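1. Sharing a model that was predicted from the sequence below.
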Amino acid sequence: MKFDVLTLFPEMFEPIKHSIINRAVEKNVIDINLINIRDFSKDKHNHVDDTPYGGGAGMVMQADVVYDAYNSIEGKENAKVIYLTPKGQTLNQNKVRELSKEDHLILLCGHYEGIDQRVLDEIVDEEISVGDYVLTGGELPAMVVVDSVSRYVNGVLSEGSTNEESFSNNLLEYPQYTRPENFNGKSVPEVLTSGNHQEIAKWRFEQSLITTYKKRPDLLTEEQCKQAEELLKNSQN
């Protein structure tokens, strides 16, 4: 999968060049290309913004500069263009899986008071938000999209790694344990050392249900809530 990122601050993307994402890049499983919008400025001072028509605070990124930066991308005709903005659809795991099926994503990072609407209407296919809050720019949300989507691209993670994690079946993940078997007087749940894979799978499902009920009950059906309540009741007896 190819990611092209249109940004005023390409240096901000250094964190995603490490660990799992870096290995995927080295294996040519994903390609991350950073385009500095400022390189397409129309004046010697590299300005990319101007005051908004109609007045108001802040500055607005100029349509022609953003458009020229977009036009520099090879293969843009077959790519999906996503604008990272608080006005967009909130990113969730279903959307992440959907985007992972694309071959080419172009991520547009806004700044200041936003981007001239005319270029957004011209090039953007979809607007995405990473939450109901406002950041100083679209770079952090773009990194979230790259990281979350990349995990579902074949070859980035080992096979099956995403099958049982949080939101994979609309439940939060069960608790995880590793050595030492005893830590500060607390032991690993006995079922996990039993070797009984059927009982382990049952325990993990029940723990996922209980965890989701405690932390995100909005994800559960009424029947699942009743099941979680019964499991909690039984555990206290």
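-> Looks like it came in fine.
2. Sheet partners, orientation included, of the longest strand along the chain?
-> Under DSSP state E, the strand in the chain containing the largest number of residues is strand 80-90. The sheet places strand 80-90 alongside strand 104-109 (parallel), strand 126-129 (parallel), with pairing taken from DSSP bridges.
3. Quick one: name whatever helix or strand follows the helix or strand of the chain with the lowest mean pLDDT.
-> Taking mean pLDDT, DSSP states H and E as the measure, the chain has helix 19-26 as its least confident helix or strand, at a mean of 92. Helices and strands here follow DSSP states H and E; after helix 19-26, the next one along the chain is strand 31-36.
4. If you count neighbours, what's buried in that next one?
-> Taking 16 or more other C-beta atoms under 10 Å as the basis for neighbour counts, the residues of strand 31-36 that come out buried are 32, 34-36. (Each C-beta comes from the backbone N, C-alpha and C, glycine too.)
5. Next: stretch 19-34.
-> With burial defined by 16+ other C-beta under 10 Å, the residues of stretch 19-34 counted as buried are 21, 24-25, 30, 32, 34.
6. what comes into contact with stretch 195-210?
-> With C-beta atoms under 8 Å, 6 or more residues apart in numbering as the contact definition, stretch 195-210 has outside contacts at 164, 169, 171-175, 189, 191-192, 194, 220, 224, 227-228, 231-232.
7. Which of these are buried? Put it as a ChimeraX command.
-> Written as a ChimeraX command, the selection of buried residues from the contacts of stretch 195-210, which uses 16+ other C-beta under 10 Å, is:
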select :171,172,173,174,192,220,224,227,228
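8. hmm, back to that, same for the least confident helix or strand of the chain, what does it pack against?
-> Counting by 3 or more C-beta pairs under 8 Å, 6 or more residues apart in numbering; DSSP states H and E, the packing neighbours recorded for helix 19-26 are strand 31-36, helix 139-150.
9. which other residues reach it?
-> Helix 19-26 is touched from outside by 17, 30-32, 146-147, 150-151, 153, 155-157, with contacts defined as C-beta under 8 Å, 6+ apart.
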